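Trainee: Turn this into a model:
(2 chains)
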Amino acid sequence: MDFELDKEILEFRDKVRRFAEENLTSELAQSADEGEAYPETLRKKAHSMGLFDFTNPWKVMTAIEELCAVDPGLGISATVPYFGAEVLLLHGSDYLKDKYLSKVMSGEKIMGLGVTEPGGGSDVAGLKTVAEKRGDKYIINGGKMFITNGSIADFFVTLVRTSPPDNPSKRHHGLSVFVVERDFKGFKSNKLKGKLGVRATDTAELIYDNMEVPEANLVGEEGKGFYYIMEFFNISRIYVAAQSIGIARGAMKRAAEFISKQESNGKVVSEDKKFKLADIATRIEASRLLMYKAASYLFNFKPNPTLTSMAKGYASETATMSTEFAMDIMGSAGIYSDLERFFRDSKIMEIWEGTSEVEKIIISRNIVRGEY
Amino acid sequence: MNDDLKLLLESAEEFGKLKLMDISLQIERNGIPDNIYKELYLQGFLGSTLSEKEGGPGLDHTLHSAILYSLARYSPSVSVYTYLVNTLGIIAMKDSEREKLLDGSVRISFGTGLFSDEETSNAAGSGGFLLTSKHGRIMIFKEDQYEMKKFKPLGLRGMSGFSYELKGEGKSIDMDVDKVLKESSREINAIFLGISSGALDKAVEYTKVRKTFGQALKNYSPVAFRLSELMSSLEVYRDGLFNSNDRTNFRIKGIISDFSRIATKFSIQFHGGYGYLEDFGVEKFYRDAMFLSSFIFREEKDRKLIASDFYGEDSGFL
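Mentor: Residues are numbered from 1 along each chain as shown, chains lettered A, B, ... in the order given. As a prediction, the model looks like this:
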């Protein structure tokens, strides 16, 4: 069994690494973090460098990990303009692909995904936003919360209820996905400020107030939206695993450099600290192997949700653990360095795209069902 | 629990509720307001450890801890500032300068070099006098003897933070910081447990009202079991804080620092996305627990001292 990535991916990885080191500077990272300002210039640069080749998802996953290893906030900002693209790729009509997806893939526009609501994140089927068909339009009322790119995206792929469930136990029936534009009548967004971390990314609340959406903007079949979104999460969770591994690597690098500098200055570094470094490195390797296995299934069109949830859950916990251990290793040098930003950024990995608890529900349910 | 302790806990808790709770977000964003320093003095919290001979109430470590625990439940920054003034500040400053410090007229900031073996130029505070270490000596500098550049630190944002460049000579202070930190282990534990308590209280309240899949979060066993376990641990540690001797409090510092990090992490986790926003007042506890575990609890140094205390000889130095 050969665990090495193929030559094309290794060369691509080196290219992204060089780009990240040259462009995700500490000055930009700090100013974007302090100002909660989305780095638009970086996004365009990353796109022009061809860092996001959706014809090869291994490259997408690699790019995410490498960028986040240098700075998580900037790394995620550069990679999320396409957030939700797979929904259109897999289920959008030619019209929607041409009108919306092509503009995102060309770098001209930014998109977002509107699923989470103020009253529910984990309980996707419990959403309250409704769409009513009137003539050749749908009128949508409701709102979404914690939406990445919420105040900067040109359009969103959003999940709403188009019909009541046929059975109270089947709340996931009757949900549909639409493409909604920022310019649609009735659309409003409010930027959310004061996040603990990933402050270079844009997050907002979306409000749909009698928003008028053309029927042509329905994605796929009416009533199948839940399945499309769950399918998307099976993809995006692998990318969150990549974000997490990147964060953990960035923390490890800083801790290792600290130890090396201390020792070269003649100071004794305790074995306890070195054991923590070893723990970080081992977790990163284990996380990456789990991610690669899950990705291998997914990218060969045999998605395995159990493995995907394992990868996301485990890697996200690796991210927080690694930053905490790195802080322990570096002490006061750590709390006053950019490691503190990695620490703040890491916590969201255990929450977004499915909390650690939701991942465990998926894993255990699938095991019991014999689907693992 | 004796009456003095009970009374102090209640009065500090009331102070926290009335004076700090509603402005805790403002404190994080803009720093501790001037009037709070005055209020701390008027309440008798600033200067509470000053001996009776020097005109203070002369509170012992247990009673001082009661104040710090309750303050930390609402604003760790206010609690830590009170602690540092009442331990290091009153040693470093005398006479009229000390009076102004205690009545809130002047501020004091604390260089990280006081607590770390590394020579650094970062400090927690908003200016005023600067107590720090320089070439291994404890020194105090007046405001015109250093230049500061403010930044937003990971933790204790209410106290603020800055990097500094020394300009003047400063004054040497005869102080054994390690000794002070060891002797005030109970107070340090109190701050960590106050942080834990503040965070866990919020998590318990939130999980009672927030519903998912039609049920309150508290009805799910992973949530209920984990939170109740953390709350139970908090009760045990609190009991140890107020009822154990000084040596025990010194020995459990590492465990309590670790506990505060775990408790605050789960508190954010159970708040979901809302926990990640400063508005909900949970994330500050998480940041402060981590910051303090490197700031006043010295991960390697203190664990070595604790290990050596258990073995009765120098240990854990490899």
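Trainee: Which element, helix or strand, includes the most centrally placed residue in chain A?
Mentor: Residue closest to the mean C-alpha point of chain A, counted by Cα atoms, centre = their mean, is residue A:240 at 4.8 Å. Assessed by DSSP states H and E, residue A:240 sits inside helix A:225-264.
Trainee: what about that helix, near chain B?
Mentor: No: using Cβ under 8 Å from any Cβ of the partner chain, helix A:225-264 stays clear of chain B, with a minimum separation of 9.4 Å. Heads up, the C-betas are built off the backbone N, CA and C, glycines and all.
Trainee: So for that helix, mean pLDDT?
Mentor: Taken as a whole, helix A:225-264 has a mean pLDDT of 97.
Trainee: C-terminal to it, what's the next element?
Mentor: helix A:271-299.
Trainee: Could you check the pLDDT of residue B:285?
Mentor: For residue B:285, the model assigns a pLDDT of 98.
Trainee: Contacts only, for the residue lying closest to residue A:366 once chain neighbours are set aside.
Mentor: Once flanking residues are discounted, residue A:366 sits nearest to residue A:306: 4.3 Å by Cβ to Cβ, 6 or more residues apart in numbering or on different chains. Applying Cβ atoms under 8 Å, 6 or more residues apart in numbering or on different chains to residue A:306 gives the contacts A:362, A:363, A:366, A:367, A:371, A:372.
Trainee: Stretch A:17-34 spans what distance, first to last residue?
Mentor: End-to-end span of stretch A:17-34 (Cα to Cα, to the nearest Å): 24 Å.
Trainee: quick one on the thing from earlier: which of the contacts of residue A:306 has the most neighbours?
Mentor: Among these, residue A:362 has the most neighbours (other Cβ atoms under 10 Å in any protein chain shown), with 21 neighbours.
Trainee: what's that residue in contact with, if anything?
Mentor: Per Cβ under 8 Å, 6+ apart, neighbours of residue A:362: A:305, A:306, A:309, A:354.
Trainee: Could you identify the pair within the residues you listed that is furthest apart?
Mentor: Maximum pairwise distance in the contacts of residue A:362, criterion Cβ to Cβ, is 12.8 Å, between A:306 and A:354.
Trainee: sorry, back to before: check the gap between the residue nearest to the centre of chain A and chain B for me.
Mentor: 14 Å (Cβ to the nearest Cβ, to the nearest Å).
Trainee: And for residue A:223?
Mentor: 21 Å.
Trainee: Identify the residue nearest that residue in space, chain neighbours excluded?
Mentor: residue A:174 (5.6 Å).
Trainee: what's the pLDDT at the one you found?
Mentor: We note a pLDDT of 95 for residue A:174 in this prediction.
Trainee: quick one: contacts for it?
Mentor: A:161, A:162, A:163, A:164, A:165, A:166, A:223.
Trainee: By neighbours, which of those wins?
Mentor: Counting neighbours by other Cβ under 10 Å, residue A:161 leads the contacts of residue A:174 with 24 neighbours.
Trainee: For burial, what's the neighbour tally of residue A:141?
Mentor: 16.
Trainee: Give the bridge partners for it, please.
Mentor: residue A:130 (DSSP bridges).
Trainee: surely it meets residue A:213?
Mentor: No: contact criterion Cβ atoms under 8 Å: residue A:141 and residue A:213 do not qualify, at 11.2 Å.
Trainee: Tell me how far the residue nearest to residue A:366 lies from residue A:298.
Mentor: 12 Å (Cβ to Cβ, to the nearest Å).
Trainee: With residue B:141 instead?
Mentor: Distance, residue B:141 to residue A:298, by Cβ to Cβ: 59 Å.
Trainee: residues contacting residue 281?
Mentor: Unless you meant another one, I'm taking chain A. residue A:252.
Trainee: To clarify, I was referring to chain B.
Mentor: By Cβ under 8 Å, 6+ apart, residue B:281 lies in contact with B:24, B:25, B:202.
Trainee: Buried ones from those residues, can you make that a ChimeraX selection?
Mentor: Only the buried entries of those go into this ChimeraX selection, using 16 or more other Cβ atoms under 10 Å in any protein chain shown:
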select /B:24,202
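Trainee: Pass me the low-pLDDT residue ranges in the stretch 1-150 of chain A, would you?
Mentor: Within the stretch 1-150 of chain A, no stretch has pLDDT under 70.
Trainee: Tell me the residues on it that lie near chain B, please.
Mentor: By Cβ under 8 Å from any Cβ, the residues of the stretch 1-150 of chain A that approach chain B are A:34, A:116, A:119, A:120, A:121, A:122, A:123, A:126, A:145, A:146.
Trainee: on that earlier part again, can you pull the residues that touch both of residue A:306 and residue A:298?
Mentor: What both residue A:306 and residue A:298 touch, as defined by Cβ under 8 Å, 6+ apart, is an empty set.
Trainee: What residues of the helix holding residue A:240 count as buried?
Mentor: If you call a residue buried by 16+ other Cβ under 10 Å, then helix A:225-264 has these buried ones: A:225-229, A:231-252, A:254-256, A:258-259, A:262.
Trainee: Then stretch A:170-189?
Mentor: Buried-residue list, stretch A:170-189, by 16+ other Cβ under 10 Å: A:171-182, A:184, A:187, A:189.
Trainee: same check, this time on stretch B:60-71
Mentor: The neighbour-count check on stretch B:60-71 (16+ other Cβ under 10 Å) flags B:61, B:62, B:63, B:64, B:65, B:66, B:67, B:68, B:69, B:70, B:71 as buried.
Trainee: want to throw those into JSON lines with secondary structure?
Mentor: Shown next, in JSON lines, are the buried residues of stretch B:60-71 (DSSP: H, G, I helix; E, B strand; the rest coil):
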{"residue": "B:61", "secondary structure": "helix"}
{"residue": "B:62", "secondary structure": "helix"}
{"residue": "B:63", "secondary structure": "helix"}
{"residue": "B:64", "secondary structure": "helix"}
{"residue": "B:65", "secondary structure": "helix"}
{"residue": "B:66", "secondary structure": "helix"}
{"residue": "B:67", "secondary structure": "helix"}
{"residue": "B:68", "secondary structure": "helix"}
{"residue": "B:69", "secondary structure": "helix"}
{"residue": "B:70", "secondary structure": "helix"}
{"residue": "B:71", "secondary structure": "helix"}
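Trainee: and which of the residues you listed is nearest chain A?
Mentor: residue B:68 (20.6 Å; Cβ to the nearest Cβ).
Trainee: Pull the contacting residues for residue 151.
Mentor: Looking at chain A here, since you left the chain open. Here residue A:151 is in contact with A:189, A:190, A:191, A:202, A:204 (Cβ under 8 Å, 6+ apart).
Trainee: my question was about chain B
Mentor: The neighbours of residue B:151, taking Cβ under 8 Å, 6+ apart as the test, are B:161, B:162, B:163.
Trainee: how much space is there between the residue of chain B most remote from its centre and chain A?
Mentor: Most distant from the centre of chain B: residue B:214, at 38.9 Å, with distances by Cα atoms, centre = their mean. Taking Cβ to the nearest Cβ as the measure, residue B:214 and chain A are separated by 7 Å.
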